[in-house]
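*Asks:* need coordinates for the following:
(one chain, ligands or ions: 4)
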Amino acid sequence: MSASSPPAPRDNLRIRGERLWDSLMEMAAIGPGLRGGNNRQTLTDSDREARLLFARWCEEAGLTLAVDQMGTMFARREGADPDALPVMLGSHLDTQPTGGRFDGVLGVLGALEVVRTLNDLGIRTRRPIEVVNWTDEEGARFAPAMVASGVYAGAYGLDWAYGRTDAEGKTLGAELERIGFKGEEPVGARKAHAYLELHIEQGPILEDEGIDIGVVTHGQGLRWIEVTLTGKEAHTGSTPMPKRVNAGLGAARIIELVDRIAWSHAPLGVGAVGRLDISPNSRNIIPGKAVFTVDFRHPDLAVLRAMEAELREGAAAIAQEMGLGLAIDDVQGFDPVAFDPALLESIRDAAGRLGYSHRDIVSGAGHDACWMNKVVPSAMIFCPCVDGLSHNEDEAITPEWAAAGTEVLLHAAIETAGI
Ligand code: HGY
Ligand code: MN
Ligand code: MN
Ligand code: MN
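*Replies:* Residues are numbered from 1 along each chain as shown. Ligands and ions are numbered 1, 2, ... in the order given. Below you'll find the model as predicted:
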């Protein structure tokens, strides 16, 4: 299109931002947190309620809903060519226990808004379009994170995933059954031509630079390593210091080691321990056991592996020096991913055509797109979030950011699905 000619009608397609925002706010009311965010953990009653609302909206939009054996929901809009593989647009409706209202949800409801807009405009894409709600993206209740997309990509077996337990010993498989979302469709049987995921950045870059759209070229690698330390329960008052085998102290020293390792590989390397269980957790008993999860991330696989090796070595030295038993288990890991160049180009084109500023960016967080990228060309679109904050009930975005990201998703979807 030359600079002088007006944009072709299709070049300037817009979504209905207020409809999207209303849907986001209606969904946010399900599983409210204590401070204005959400506590809608996977396979809880509030997740079930969210799924039922999403299913109703999909039905109202004329979509055909399917649920696979991991409970992932696929809402299909037929294309002109029924034999063509679909373009999937998805993310997740489950949240952290103290999560925000937009992490994951923007990607699912943005995809639904794309379909609603295509319906409004009477546009029939050549390929079908499928809106996807992945089960258990967060991995907060049942680890690992992105477990359903991991099963879809062949990283985990179905029975292994069904056997994952929460803090109360309930299994993922039983909870799927309980909420009525254990589907029949074999996981991964439903193929795709491409996968696109809209998501909030969950970091500060776009907002700091005043950029509307993040073109996510890579996802950094991730390792979740569970450390179990075994000491000796004893009286905190009558046990002489030299006689103590304190699992809690060992955990503190290893948690500090995690921080040192991350800093030594900063600024790209990051690490933290977010979950720590001390037992027997009594004020006057020296902790006999400590179980905690190390979360390491880095965009370079060799460095990520080095961070893990440094942790194993350092933890073994600390445990030995303190006379603690040590067990280290891999909970999950995926290597850094490079998203599909052709899809990335269509995202850049879409942002440019729509007049949105954009920049390439690496995702700090893990996403279902990271597993999908193993089996189908995938890419992600970011919108900014306030102060880069996420996994916090204060997470916030503006309606304008939500609309911009969704419009880029619309154009990239049309480009990829064809008219
Ligand atoms: O852990 C992650 O990066 C994602 O938010 N589940
Ligand atoms: Mn997410
Ligand atoms: Mn998250
Ligand atoms: Mn995700």
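
*Asks:* what sits against the residue nearest the centre of the chain?
*Replies:* Taking C-alpha atoms, centre = their mean, the centroid of the chain lies closest to His367, which sits 3.7 Å from it. Taking C-beta atoms under 8 Å, 6 or more residues apart in numbering, we find His367 in contact with Ser91, Glu137, Met146, Glu197, His199, Gly219, Met380. Bear in mind the C-beta positions are built from the backbone N, C-alpha and C, glycine included.

*Asks:* which among the residues you listed end up buried?
*Replies:* When the contacts of His367 are checked for burial by 16 or more other C-beta atoms under 10 Å, the buried set is Ser91, Glu137, Met146, Glu197, His199, Gly219, Met380.

*Asks:* apart from its chain neighbours, what residue comes closest to the last one?
*Replies:* If you skip the residues right next to it in sequence, Met380 has Val216 as its closest partner in space, 3.7 Å away by C-beta to C-beta, 6 or more residues apart in numbering.

*Asks:* near the one you found, how many other residues are there?
*Replies:* Val216 has 25 neighbouring residues, counting by other C-beta atoms under 10 Å.

*Asks:* any idea what it is bridged to?
*Replies:* Beta-bridge partners of Val216, counted by DSSP bridges, are Ile361, Met380.

*Asks:* that one is in contact with Ala338, isn't it?
*Replies:* No - judged on C-beta atoms under 8 Å, Val216 makes no contact with Ala338 at a distance of 10.4 Å.

*Asks:* contacts with ligand 4 among the contacts of His367, please.
*Replies:* Glu137 (C-beta under 5 Å from the ion).

*Asks:* all strands for the stretch 51-200 of the chain, in order.
*Replies:* Secondary structure of the stretch 51-200 of the chain by DSSP state E, counting those that start in this stretch: the strands cover 64-67, 73-77, 87-91, 129-133, 194-200.

*Asks:* format those strands as a markdown table; extra columns: distance to ligand 1 and mean pLDDT.
*Replies:* Listed next are those as a markdown table, based on distance: least, C-beta to the nearest ligand atom, whole Å; pLDDT from 0 to 100:
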| stretch | distance to ligand 1 | mean pLDDT |
| --- | --- | --- |
| strand 64-67 | 21 | 98 |
| strand 73-77 | 18 | 98 |
| strand 87-91 | 11 | 98 |
| strand 129-133 | 15 | 99 |
| strand 194-200 | 9 | 99 |
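
*Asks:* CSV for those strands, including distance to Ser264?
*Replies:* Shown next, in CSV, are these (distance: least, C-beta to C-beta, whole Å):
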stretch, distance to Ser264
strand 64-67, 45
strand 73-77, 42
strand 87-91, 33
strand 129-133, 39
strand 194-200, 29
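
*Asks:* excluding chain neighbours, what is closest to the closest residue to ligand 1 within the stretch 101-250 of the chain?
*Replies:* The minimum distance from the stretch 101-250 of the chain to ligand 1, using C-beta to the nearest ligand atom, falls at Ala145 (3.7 Å). Among residues not flanking Ala145 along the chain, Gly139 sits closest, at 2.9 Å (C-beta to C-beta, 6+ apart).

*Asks:* number of nearby residues for the one you found?
*Replies:* Look at Gly139: counted by other C-beta under 10 Å, it has 21 neighbours.

*Asks:* next, the residue of the stretch 101-250 of the chain closest to ligand 1: phi, psi?
*Replies:* The main-chain torsion angles of Ala145 are listed as degrees, to the nearest 10 and equal phi -70, psi 160.

*Asks:* tell me the contacts of it?
*Replies:* Asp136, Glu137, Glu138, Gly139, Leu222, Trp224, Gln332, Gly366.

*Asks:* likewise Glu113?
*Replies:* Ile15, Arg16, Arg19, Leu20, Ser23, Thr406, Leu410.

*Asks:* same question for Gly107.
*Replies:* The contact partners of Gly107, taken as C-beta under 8 Å, 6+ apart, are Leu89, Gly90, Ser91, His92, Glu197, Leu198, His199.

*Asks:* from the residues you listed, pick the one nearest Val245.
*Replies:* In terms of C-beta to C-beta, no member of the contacts of Gly107 lies closer to Val245 than His92, at 41.8 Å.

*Asks:* quick one, what contacts the closest one?
*Replies:* Neighbouring residues of His92 by C-beta under 8 Å, 6+ apart: Gly104, Val105, Gly107, Val108, Asn133, Trp134, Thr135, Asp136, Glu137, Glu138, Asp368.

*Asks:* give me the contact list for stretch 40-60.
*Replies:* The contact list for stretch 40-60 (C-beta under 8 Å, 6+ apart) reads 23, 26-27, 30-31, 39, 65, 71, 73, 75, 93-97, 99, 108, 112, 131, 133, 135-138, 140-142, 172, 175-176, 178-181.

*Asks:* from Lys243, how far off is the residue in the stretch 201-350 of the chain that ligand 2 sits nearest to?
*Replies:* As assessed by C-beta to the ion, ligand 2 sits closest to Gln202 within the stretch 201-350 of the chain, at 7.2 Å. To Lys243, Gln202 is 46 Å away according to C-beta to C-beta, to the nearest Å.

*Asks:* and those two? Which one has more around it.
*Replies:* Legend: neighbour count by other C-beta under 10 Å for Gln202 and Lys243, higher for Gln202 (20 against 10).

*Asks:* and the residue nearest to that one when sequence neighbours are not counted, what pLDDT?
*Replies:* The shortest distance from Gln202 to any non-neighbouring residue, by C-beta to C-beta, 6+ apart, is to Ser390 (3.7 Å). Per-residue confidence at Ser390 stands at 98 (pLDDT).

*Asks:* in this structure Ser390 contacts Arg101, no?
*Replies:* No - using C-beta under 8 Å, Ser390 is not in contact with Arg101; the gap is 10.5 Å.

*Asks:* show me the helices in the stretch 201-350 of the chain, by range?
*Replies:* Counting by DSSP state H, counting those that start in this stretch, the stretch 201-350 of the chain has helices at residues 205-209, 247-264, 301-322, 341-353.
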